[in-house]
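J.: this one's structure only:
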């Protein structure tokens, strides 16, 4: 596949040596980060695939500081939409596969939320037992058509015999926007589902759901809107601008991160601050990835034992990162990420049920 035929190259912006734009290339690097902008919104009801201009987002992103970032960053440009929405999914999967083959992390920006299906499908080709975390205000499990839409893509991922999913975490749903049967079903199959209220003010409660994520997708509808709307389906309630940037950093800090999507952004917004916010979300993601890459491979752990009734349970603390885990296994990969507050609750006799599922 000739990338030049399916991507519009990004425009050049003059930047200073200390700015991020000075670090960004246009070729897929080894062990790097690849930005791919997309303007196919046909997964939305009445959505279109008209050419959109991400110039303002890039301008804001490129002029931010590159700090001491060492992970190479590529901006491939804007993906030209396929003749059909299904064609876009196919083309996107091919590009994502190129990124994975070079061990680079693709970050897809723009397009409708159902493009998460392509991110999952492309990653599934390269690895199994995927940990998927989605931030979205909506849980929709419809399976009403063969065409992939934002209302049925999650059902297609979870029900496909070809896909291998280890854990699914759905964060930020809002009760007043959801059919309760969908929420109930997710909980019955023991997927973690957390409300918006549990994500506000602090990342402490939900950080463990990002720590081992292979794939993270963010629906911009889960972010409270500014001006004429931050997202394609603007909402008055949602994560605020500081909270969403904090969660983008947590995404970058994932130990296993392979792919990221930021969907349903309102690229036609006339509000300058919406474009600035998206740029800063991307920047915090890049910062998290760079920090994670700098962490030492060898770690040491302190073990704390808690007695509850007749049971004895182990919690472990990473002495470098101060992150907590649940379990006795000597291999940290087999431990369950948790938070200190869950250890504190266990000392009071309350053990989080999710620790006993495996």
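T.: Yep, it's here. The structure displayed is predicted, hence computed values, not measured ones.
J.: pLDDT wise, what is the residue nearest to the spatial centre of the chain at?
T.: Centroid-nearest residue in the chain: residue 216, 2.4 Å away (criterion: CA atoms, centre = their mean). Looking at residue 216, its pLDDT reads 98.
J.: Might you calculate how far the helix or strand hosting it sits from the centre of the chain?
T.: For residue 216, the element it lies in under DSSP states H and E is strand 215-219. Put simply, strand 215-219 sits 3 Å off its chain's centre (CA atoms, centre = their mean, to the nearest Å).
J.: For it, which outside residues touch it?
T.: Strand 215-219 has contacts (CB atoms under 8 Å, 6 or more residues apart in numbering) with 113, 116, 119-120, 123, 130-138, 210, 231, 244, 247-248, 251, 254, 257-264, 281. In short, each C-beta sits where N, CA and C put it, glycine included.
J.: do that again at 6 Å, thanks
T.: 113, 116, 119, 123, 130, 132-136, 251, 259-264 (CB atoms under 6 Å, 6 or more residues apart in numbering).
J.: partners of that strand, with directions?
T.: Partner strands for strand 215-219, per DSSP bridges, with pairing direction: strand 130-135 (parallel), strand 259-263 (parallel).
J.: Show residues contacting the longest one.
T.: So the one you mean is strand 130-135. With CB under 6 Å, 6+ apart, strand 130-135 has contacts from 165-172, 209-210, 212-218, 222.
J.: One more: the last one?
T.: The set of residues that contact strand 259-263 without belonging to it, under CB under 6 Å, 6+ apart, is 106-109, 111, 113, 115-116, 119, 123, 215-219.
J.: Next secondary structure element downstream of that strand?
T.: Defined by DSSP H and E, the subsequent element after strand 259-263 is helix 272-294.
J.: Go through the next helix or strand along the chain from that following helix and flag the buried ones.
T.: Where DSSP H and E defines the elements, the next helix or strand beyond helix 272-294 is strand 301-308. Judged by neighbour count using 16 or more other CB atoms under 10 Å, the buried positions of strand 301-308 are 301, 306.
J.: Can you name the next helix or strand after strand 301-308?
T.: Heading C-terminal from strand 301-308 (DSSP H and E), you reach strand 311-318.
J.: For the helix or strand following that following strand, which helices and strands make contact with it?
T.: Going down the chain from strand 311-318, the next helix or strand is strand 324-326, by DSSP H and E. In terms of contacts (3 or more CB pairs under 6 Å, 6 or more residues apart in numbering; DSSP states H and E), strand 324-326 is packed against strand 311-318, strand 336-338.
J.: Give the pairing partners of strand 324-326; include direction for each.
T.: Assessed with DSSP bridges, strand 324-326 is paired to strand 311-318 (antiparallel), strand 336-338 (antiparallel).
J.: tell me how far it is from the chain's mean position?
T.: 22 Å.
J.: can you give me the mean pLDDT across that strand?
T.: Averaged over strand 324-326, pLDDT sits at 97.
J.: I am assuming residue 191 contacts residue 168, so please confirm or correct that.
T.: Yes. With contact defined as CB atoms under 6 Å, residue 191 reaches residue 168; the gap is 4.7 Å.
J.: Pick out whichever of the two has more residues nearby.
T.: Set residue 191 next to residue 168 and count neighbours by other CB atoms under 10 Å: residue 168 wins out with 21 against 16.
J.: Give me the buried positions along the helix or strand where the more buried one lies.
T.: According to DSSP H and E, residue 168 maps onto strand 165-173. For strand 165-173, burial by neighbour count (16+ other CB under 10 Å) applies to 165, 167, 168, 169, 170, 171, 172, 173.
J.: Direction included, what does that strand pair up with?
T.: Strand 165-173 has these strand partners (DSSP bridges): strand 130-135 (parallel), strand 192-195 (parallel).
J.: ok, residues contacting it?
T.: 129-135, 137, 139, 191-194, 196, 199, 206, 209, 222.
J.: Same question for stretch 148-163.
T.: 43, 44, 112, 113, 114, 117, 120, 124, 140, 141, 142, 143.
J.: Just list the residues touching the fourth one, thanks.
T.: Put plainly, it is residue 113. So, once contact is read as CB under 6 Å, 6+ apart, residue 113 ends up touching 150, 219, 263, 264.
J.: what pairs with the third one across the strands?
T.: When bridges are taken as DSSP bridges, the partners of residue 263 come out as residue 219.
J.: close enough to count as contact, residue 338 and residue 327?
T.: No. Contact between residue 338 and residue 327 fails when scored by CB under 6 Å: they sit 9.1 Å apart.
J.: These two - which one has more neighbours?
T.: residue 338 (23 against 18).
J.: per-residue pLDDT, the closest residue to residue 23 other than its chain neighbours?
T.: Beyond its immediate neighbours in the sequence, the residue positioned closest to residue 23 (CB to CB, 6 or more residues apart in numbering) is residue 66, lying 4.7 Å away. Residue 66 carries a pLDDT score of 97 in this model.
J.: hmm, which helix or strand of the protein has the shakiest average pLDDT?
T.: helix 180-188 (a mean of 89; mean pLDDT, DSSP states H and E).
J.: Could you pull out the buried residues of that helix?
T.: Buried, per 16+ other CB under 10 Å, within helix 180-188: 182, 183, 186.
J.: With stretch 44-57 instead?
T.: Those would be 44, 47, 49, 52, 54, 56, 57, for stretch 44-57 by 16+ other CB under 10 Å.
J.: Endpoints of it, how far apart?
T.: Stretch 44-57 has an end-to-end distance of 22 Å (CA to CA, to the nearest Å).
J.: Repeat that for stretch 197-214.
T.: Stretch 197-214 end-to-end distance (CA to CA) = 25 Å.
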